[in-house]
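*Asks:* model this:
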Amino acid sequence: MGTSTDRTSGTGGAWTDLKYAATSYFRSTGQGNASPGSAKVLLARHVPVLGGAAAAAAGAAVGRSSVQRLGGLLAGIGANGLDQALREASLGDLVGRDRFEIVDELVTALSGDGSGLDAAAARDAMCDVLEELFGDADTWEELQQTRASRDDIERLLHLFLTNYLYNRIPVIAERLGRITDPAAAHRADRQMRQVIEDCVVINLPPDPLSVNWNGPQGRDIADQAMQVAYSTLESLA
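*Replies:* I've put the predicted structure just below:
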């Protein structure tokens, strides 16, 4: 739970509003009566800390590029299977390897090495997506059975964006760490993720397998999703 990209050092202005909202929400969480409404206020108030919806979306460079790369990989799997998708992504050396090696290399290829706050948020979110994509498969023979339909692509891009946006929120990990009841901390974590999930919209064309994910169409899908999510989050207050 939480995020390795936590930032707690800001003061004044939007930071003050965010910290008040966080204190209120997590205090009520510890008392067992946190409401979705107070979660929405907390999430809305983090957007001004990032400079407002437009600036927050513009600053999500690694997130946007990760959406494109992930979309391209999933489309490749959907069209030709994992073997060919890895080759098309210049990752042919991963063919035949086991789950641990493939996931380790794919996380870096899709979202970078995690250096910097934005990159760490993307990397953590990508780990979650790849775990979901491969399920219980471990060996190469099992991994080759991985498929990606249109619904799978939409669902996994939605999951990435939800977790990435969550990972970029300041103060969350620090405040979750103060909750002594693990069950209450888990409920708060899940409640906030659910609010963000409801704000994420992925507008895919009828055939996402035909999208040039590295080109203008892929950039437009990623840009629009990021802008809509941050605008919706900001409006929750």
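*Asks:* mind listing what residue 38 touches?
*Replies:* 21, 24, 25, 28 (Cβ atoms under 8 Å, 6 or more residues apart in numbering). Bear in mind the C-beta positions are built from the backbone N, C-alpha and C, glycine included.
*Asks:* dump the residues you listed into TSV; add pLDDT, secondary structure and neighbour count as well.
*Replies:* Formatted as TSV, the contacts of residue 38 follow (pLDDT from 0 to 100; DSSP: H, G, I helix; E, B strand; the rest coil; neighbours: other Cβ atoms under 10 Å):
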residue	pLDDT	secondary structure	neighbour count
21	93	helix	21
24	90	helix	14
25	91	helix	25
28	87	helix	16
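*Asks:* low-confidence regions, this structure specifically.
*Replies:* For the chain, the stretches with pLDDT under 70 are 1-9.
*Asks:* what's the single longest helix in it?
*Replies:* Across the chain, the longest stretch assigned as helix under DSSP state H is helix 61-88.
*Asks:* please compute how far the next helix or strand after that helix lies from its chain's middle.
*Replies:* Toward the C-terminus, helix 61-88 is succeeded by helix 99-111 as the next helix or strand (DSSP states H and E). Relative to its chain's centre, helix 99-111 lies at 16 Å (Cα atoms, centre = their mean, to the nearest Å).
*Asks:* hmm, who's touching helix 99-111?
*Replies:* 62, 66, 69-70, 73, 86, 89, 91, 94, 119, 122-123, 125-127, 130-131, 134, 137-139, 142-143.
*Asks:* buried stuff in stretch 205-218?
*Replies:* 208, 209, 211, 213, 217, 218 (16 or more other Cβ atoms under 10 Å).
*Asks:* any chance of those residues in CSV with distance to residue 237 and secondary structure as columns?
*Replies:* What follows is these, written out as CSV (distance: Cβ to Cβ, whole Å; DSSP: H, G, I helix; E, B strand; the rest coil):
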residue, distance to residue 237, secondary structure
208, 33, helix
209, 39, helix
211, 34, coil
213, 34, coil
217, 33, helix
218, 32, helix
